[in-house]
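Peer 1: one predicted model, sequence on top.
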Amino acid sequence: MSTEDRRTVNMVHYPNKDASDPNALDEYLDAIPVDAIDATGTPSSSTYLRGDGAWSTVAGSGGGDVSKVGTPVDNQVGVWTGDGTLEGTSGLTYDGSAFGVTGNITATGTANASVVSSGVADTTQGVVQVFGGSGDGEGGIVDIYNDAVNDGTNEYWRLFADGNGDLQMGNNNTTNMFVLTSDDEIATTVRTTMALGTIAEDALFGQTSALRIRDVFSEAGSGTDGSANECALMVQVTSDTTSSAADYQKNAAAFWNIQVDPSDTGTPIARDSVGCDMRGYIANTNATGRVWGGYAEGRIVGGGTGDGQAIGIEILMANEGTEQATLETNTQKVGLLLVGNGTNPCTAAIYITNSASSGAWRKGVIVDTTAIENSSDITFGHSDASFEIARTGAVGCLSIAAQTAEISNGFTVAGLPAGVAGAIARVTDASSPSVGSTVTGGGAAAALVWYNGSNWTVIGV
């Protein structure tokens with residue numbers, strides 16, 4: 001309708017209106033009641049006026065088939081195949097509770113879910129892949145939050161592939177990270193203490209440690225020996241047969257330290273570096289405790305054909321420095337140093353015994369004279385120049401006290417042991433002994449004899 005026609009209608013129906021008002025017709029049409037419209041059918045909230053002058057209902061109330069491709073099945077999600085056509089795909093389904101995808105899912109935003117799973121339980125192995133960027137240090141990241149709020153405080157742990165082959169884990173991506181290296185090692189990015197256990201740090205062991213294991217043992221056991229055994233750290237290995245073409249040594253644990261910090265001999269300040277510090281303490285409230293600072297065992301396992309060389313403990317002392325023959329100096333080299341300490345004397349520095357049920361030592365202490373630079377300098381000493389070598393219940397005992405030697409027990413001539421050249425003994429039944437003669441028994445005289453390589457010869461009467 002032209003503007004002029006609209007003005008004409010305006011003048012007819014709204015004589016009081018300005019004929020130049022183009023909205024007069026719109027106002028008139030808005031004022032026409034629905035039942036005044038000349039059309040077939042019945043107007044209602046569910047009908048519409050068609051262009052042919054009929055009130056009509058929308059076909060199917062929005063239902064009916066859509067234009068599709070193929071034959072979709074129940075639970076498949078429709079995918080557009082072109083302008084106005086859909087098809088179902090078996091790789092994308094939804095059954096009202098589970099959304100299924102066959103293939104890859106790519107998302108540029110954040111995916112939120114209470115549970116994320118991969119694979120099918122007991123059927124298909126699941127794989128979760130987290131890719132990184134192309135730059136150095138842009139490996140994949142997994143953040144595990146402690147609560148529901150990302151407020152910038154200590155609320156998450158980060159698992160981070162650093163892009164250099166190492167896997168790091170730490171709290172809030174701090175500079176101190178626990179690292180699993182590409183060389184199959186465990187490390188930290190900053191020197192710190194890695195603590196394993198449940199108890200607080202004891203002041204007695206308050207030193208800085210790279211690894212600390214803390215725990216409280218409380219197992220009561222079943223009453224059977226060993227049922228209450230507990231270990232803060234257990235290392236068990238087996239060296240299988242290798243047919244190795246060269247010597248080797250395989251260790252369940254190795255402790256190795258190198259000291260580059262010299263002690264101050266003038267102050268003096270001792271700066272000690274210890275390969276392995278083992279301590280056993282009895283609490284000051286325990287009147288009948290038992291502790292060992294260390295325990296070493298070499299064993300041939302019984303019940304089979306096993307045999308070989310077994311050593312309880314080996315001490316190797318290698319001196320590539322200066323020779324030092326004097327003790328208690330800042331350059332002494334000692335294979336075994338036994339230090340008494342405390343307010344009262346200790347029972348013994350060395351005690352050789354055997355199990356109450358079995359086992360015995362073939363020899364007590366043996367010194368390979370070839371291992372001593374001066375074979376005559378095999379010394380057991382004390383400030384009063386005395387020592388005693390004895391075996392309970394045995395004949396033959398050597399005591400040296402205040403520089404006087406005594407062989408307190410003697411042999412019969414017939415009971416003298418098989419001779420070792422240089423051996424000395426005391427006999428109690430010599431017959432007319434004379435110095436230089438071969439000793440004979442059957443008498444009542446005491447004599448001092450030595451074995452010259454062939455016979456026991458009298459050296460003193």
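Peer 2: Yep, it's here.

Peer 1: what's near enough to touch T412?
Peer 2: Residues in contact with T412 (C-beta atoms under 8 Å, 6 or more residues apart in numbering) are V427, T428, D429, G441. Placement of C-beta: from N, CA and C, glycine included.

Peer 1: from the residues you listed, pick the one nearest T329.
Peer 2: V427 (44.8 Å; C-beta to C-beta).

Peer 1: you'd agree that closest one is up against G442?
Peer 2: No: in this structure, V427 is not within contact of G442 by C-beta atoms under 8 Å, at 11.1 Å.

Peer 1: so which of these two has more stuff around it?
Peer 2: V427 (24 against 11; other C-beta atoms under 10 Å).

Peer 1: burial check on T329, number of neighbours?
Peer 2: Residues lying near T329 (other C-beta under 10 Å) number 10.

Peer 1: so it: helix, strand or coil?
Peer 2: coil (DSSP: H, G, I helix; E, B strand; the rest coil).

Peer 1: and it, what does it touch?
Peer 2: T329 touches nothing, counting by C-beta under 8 Å, 6+ apart.

Peer 1: doesn't V458 belong to a strand?
Peer 2: Yes: assigned with three-state DSSP, V458 falls within a strand.

Peer 1: neighbours of the nearest residue to P268 once chain neighbours are set aside, just the number please.
Peer 2: Nearest residue to P268 in three dimensions, chain neighbours excluded: N330, at 7.8 Å (C-beta to C-beta, 6 or more residues apart in numbering). Residues near N330, counting by other C-beta under 10 Å, number 9.

Peer 1: which neighbouring elements make contact with the strand ranked longest in the chain?
Peer 2: For the chain, the strand with the greatest residue count under DSSP state E is strand 85-94. Helices and strands touching strand 85-94, by 3 or more C-beta pairs under 8 Å, 6 or more residues apart in numbering; DSSP states H and E, are strand 76-82, strand 99-101.

Peer 1: which one of those has the poorest average confidence?
Peer 2: Sorting the helices and strands packed on strand 85-94 by mean pLDDT places strand 76-82 lowest, at a mean of 79.

Peer 1: returning to what we had before: now do the shared contacts for V427 and G442.
Peer 2: Among the neighbours of V427, those also in contact with G442 (C-beta under 8 Å, 6+ apart) are V413.

Peer 1: now do the longest strand of the chain: everything it contacts.
Peer 2: 66-73, 75-81, 99-103.

Peer 1: same check on stretch 217-225?
Peer 2: S227, A228, N229, E230.

Peer 1: let's see 7 Å
Peer 2: S227, A228, E230 (C-beta atoms under 7 Å, 6 or more residues apart in numbering).

Peer 1: and it, how far apart are its ends?
Peer 2: 16 Å (C-alpha to C-alpha, to the nearest Å).

Peer 1: what pLDDT, on average, does it get?
Peer 2: Rounded mean pLDDT across stretch 217-225 is 86.

Peer 1: off-centre distance for that stretch?
Peer 2: The chain centre lies 25 Å from the centre of stretch 217-225; the measure is C-alpha atoms, centre = their mean, to the nearest Å.

Peer 1: returning to what we had before: which of the contacts of strand 85-94 are buried? Put it as a ChimeraX command.
Peer 2: Buried subset of the contacts of strand 85-94, written as a ChimeraX selection, criterion 16 or more other C-beta atoms under 10 Å:
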select :72,76
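
Peer 1: tell me the domain ranges of the protein?
Peer 2: Each domain of the chain is listed here as a residue range: 3-55, 132-196, 380-405, 410-461, per automatic domain parsing.

Peer 1: show me where the stretch 1-150 of the chain has its helices.
Peer 2: Along the stretch 1-150 of the chain, counting by DSSP state H, counting those that start in this stretch, helices occupy 3-13, 24-30.

Peer 1: tell me where the model's unsure across the protein.
Peer 2: 1-32, 36, 59-67, 83, 149-154, 172-175, 190-210, 369, 374-409, 419 (pLDDT under 70).

Peer 1: sorry, back to before: check which residues of the longest strand of the chain are buried.
Peer 2: By 16+ other C-beta under 10 Å, the buried positions in strand 85-94 come out as L86, G88, T89, L92, T93.

Peer 1: just send those back as CSV, with distance to S222 too.
Peer 2: Shown next, in CSV, are the buried residues of strand 85-94 (distance: C-beta to C-beta, whole Å):
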residue, distance to S222
L86, 70
G88, 65
T89, 62
L92, 59
T93, 56
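
Peer 1: returning to what we had before: got the angle for the longest strand of the chain vs strand 76-82?
Peer 2: Orientation check (axes from the mean of the first three to the mean of the last three C-alpha atoms, to 10 degrees): strand 85-94 against strand 76-82 gives 150 degrees.

Peer 1: roughly how far out does strand 85-94 sit from the chain middle?
Peer 2: Between the centre of strand 85-94 and the centre of its chain there are 50 Å (C-alpha atoms, centre = their mean).

Peer 1: please apply the same query to stretch 43-60.
Peer 2: Using C-alpha atoms, centre = their mean, the offset of stretch 43-60 from its chain centre is 79 Å.

Peer 1: A121 is nearest to which of the helices and strands packed on strand 85-94?
Peer 2: In terms of C-beta to C-beta, the element of these nearest to A121 is strand 99-101, at 15.4 Å.

Peer 1: that closest one: partners in the sheet, and parallel or antiparallel?
Peer 2: Sheet partners assigned to strand 99-101 using DSSP bridges are listed as strand 85-94 (antiparallel).

Peer 1: mind exporting the strand it pairs with as CSV, just the C-alpha atoms?
Peer 2: Only the C-alpha atoms of strand 85-94 are listed here, as CSV (Å, rounded to 0.1, in the frame of the first residue of the first chain):
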residue,chain,number,x,y,z
THR,A,85,20.0,-33.5,5.6
LEU,A,86,21.0,-35.5,8.6
GLU,A,87,22.3,-39.0,9.2
GLY,A,88,22.9,-41.2,12.2
THR,A,89,26.5,-42.3,13.1
SER,A,90,27.4,-45.4,15.2
GLY,A,91,30.5,-43.6,16.5
LEU,A,92,28.4,-40.9,18.3
THR,A,93,25.6,-42.2,20.6
TYR,A,94,23.6,-41.1,23.6
